[in-house]
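# pasting a predicted model and its sequence here:
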Amino acid sequence: MWYVYILRSIPFPDQEYVGATSDLRQRIAEHNAGRSTHTAKFMPWQLIWYCAFPDKHRALAFEKYLKSHSGRAFAKKRL
């Protein structure tokens, strides 16, 4: 299984991050340990949403959509 997830920064609630991984718990731990350069300055993070996909290609396609302008609007309204 692959997961697409949305994290929200606890000290900076306006900051959100969209990602994809095959091991969700480990990836969140990495974000909160500062091992990701894109998220290190806004940590700690909390998981606000995730979705499981049966394969990597579908997960990465949905992650790409959520990072687009229309995908961000969809996530803000629906997720």
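Now that the structure is in, tell me what you want to look at.
# ramachandran angles for Ser68?
When read as degrees, to the nearest 10, the backbone of Ser68 gives phi -80, psi 170.
# how much space between it and Val4?
13 Å (CB to CB, to the nearest Å). (C-beta placed from N, C-alpha, C; glycine too.)
# of these two, who's got more company?
Ranked by neighbour count (other CB atoms under 10 Å), Ser68 and Val4 place Val4 first, with 23 against 10.
# ranges for the strands of this structure?
Secondary structure of the chain (DSSP state E): strands located at 2-9, 16-21, 45-53.
# for stretch 58-69, list every residue counted as buried.
For stretch 58-69, the neighbour count (16 or more other CB atoms under 10 Å) marks 59, 62-63, 66 as buried.
# got it, and stretch 28-48?
By neighbour count on 16+ other CB under 10 Å, the buried set for stretch 28-48 is 28, 31-32, 39, 42-43, 45.
# just the buried residues of stretch 58-69: which are in helices?
Among those, the members falling in helices (DSSP state H) are 59, 62-63, 66.
# nice, that's everything, thank you.
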